[in-house]
Every structure is written in C-alpha cells, then in structure tokens.
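# I'd like to go over a predicted model; first the sequence, then the structure.
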Amino acid sequence: VQLQASGGGLVQAGASLRLSCTASGRTFSSYHMGWFRQAPGKERAIVAAIRGSAGSTYYADSVKGRFTISRDNAKNTVYLQMNNLKPEDTAVYYCAADTTNYGFRAWGQGTLVTVSS
C-alpha cells in the first residue's frame, strides 16, 4: 500500500491544521491507520490511531483533547485535525498503515508541521 500525506505547514501557536493521508488499495476500510511524529533529536512516536473495523481511536496523552483522527473510507483517506497547536507539536508527521494486523509497516513520506511561539 502507498500512502501520501499532506497538509503540513508553518503556523502560530494556538492555530489549527488538518493533515490528510490518502492510501492506495481496495480494502482501505480494513486498514488500521495511524499518525506518528518525529521531532528533531527525538524518536518517532505515535500520535493517534484509528482501527479499520470498529473505528475506535487512540491518542497520545500529549494531544488528547486537541487532536482528532478520523477517516473517510470512501476516499481512502485518514485525517488528523490538530487544534490549539503548541510549539512542542513541531515535528515531521507521518501516516502509517497496518494492513495485516502485524503492526504499522507501510509509511507515508512525512509532512512537516512547524508551530511558532
């Protein structure tokens, strides 16, 4: 599966951004999808995830209440709505797909989010 992420940019603290990730494949609705981020000098970490079947979601504590992950299976797209952005949210954001229930193994190219104070 191929993933194409978009929507990053430079914003001020308190602003909002919406990231999008479009996937190839005919069975997108069955994929578990996730958003990860990697800040300079830090390891890649999960931000949010959404299951393919029930659509249940997971959020890292640092983004709970500010970020929302959603998906549109008709468009093969997963979104990450990011509100009240903080400088510490600055990172390259990656979308990922788990197509086999064995973990996130398909990765998009990353989109840079920069939040200025």
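Now that the structure is in, tell me what you want to look at.
# OK, contacts around the most centrally placed residue in the chain?
Per CA atoms, centre = their mean, the C-alpha nearest to the average position across the chain is that of Trp35, at 2.6 Å. By CB atoms under 8 Å, 6 or more residues apart in numbering, the contact set of Trp35 is 19, 21, 46-49, 69, 78, 80, 93-96. The way it works is simple: take the backbone N, C-alpha and C, and place the C-beta from them, glycine included.
# Neighbouring strands - and their directions - for the one helix or strand Phe36 maps to?
Counting by DSSP states H and E, the element that carries Phe36 is strand 32-38. Looking at strand 32-38 with DSSP bridges, its partner strands are strand 45-50 (antiparallel), strand 91-98 (antiparallel).
# could you dump these to a markdown table with mean neighbour count?
A markdown table is the format used below for the strands paired with strand 32-38 (neighbours: other CB atoms under 10 Å):
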| stretch | mean neighbour count |
| --- | --- |
| strand 45-50 | 20 |
| strand 91-98 | 23 |
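# Among those strands, which comes closest to Asn73?
strand 45-50 (10.7 Å; CB to CB).
# Please save the CA atoms from stretch 18-29 in PDB.
Taking C-alpha atoms only, stretch 18-29 is exported to PDB below (Å, rounded to 0.1, in the frame of the first residue of the first chain):
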ATOM      1  CA  ARG A  18      -5.600  19.400   9.200                       C
ATOM      2  CA  LEU A  19      -3.300  16.700   7.900                       C
ATOM      3  CA  SER A  20      -4.600  14.200   5.200                       C
ATOM      4  CA  CYS A  21      -3.200  10.900   4.100                       C
ATOM      5  CA  THR A  22      -4.600   9.100   1.100                       C
ATOM      6  CA  ALA A  23      -3.900   5.400   0.700                       C
ATOM      7  CA  SER A  24      -3.900   3.100  -2.300                       C
ATOM      8  CA  GLY A  25      -5.600  -0.300  -2.100                       C
ATOM      9  CA  ARG A  26      -9.100  -1.600  -2.400                       C
ATOM     10  CA  THR A  27      -9.500  -2.600   1.200                       C
ATOM     11  CA  PHE A  28      -8.700   0.600   2.900                       C
ATOM     12  CA  SER A  29     -11.600   0.200   5.300                       C
END
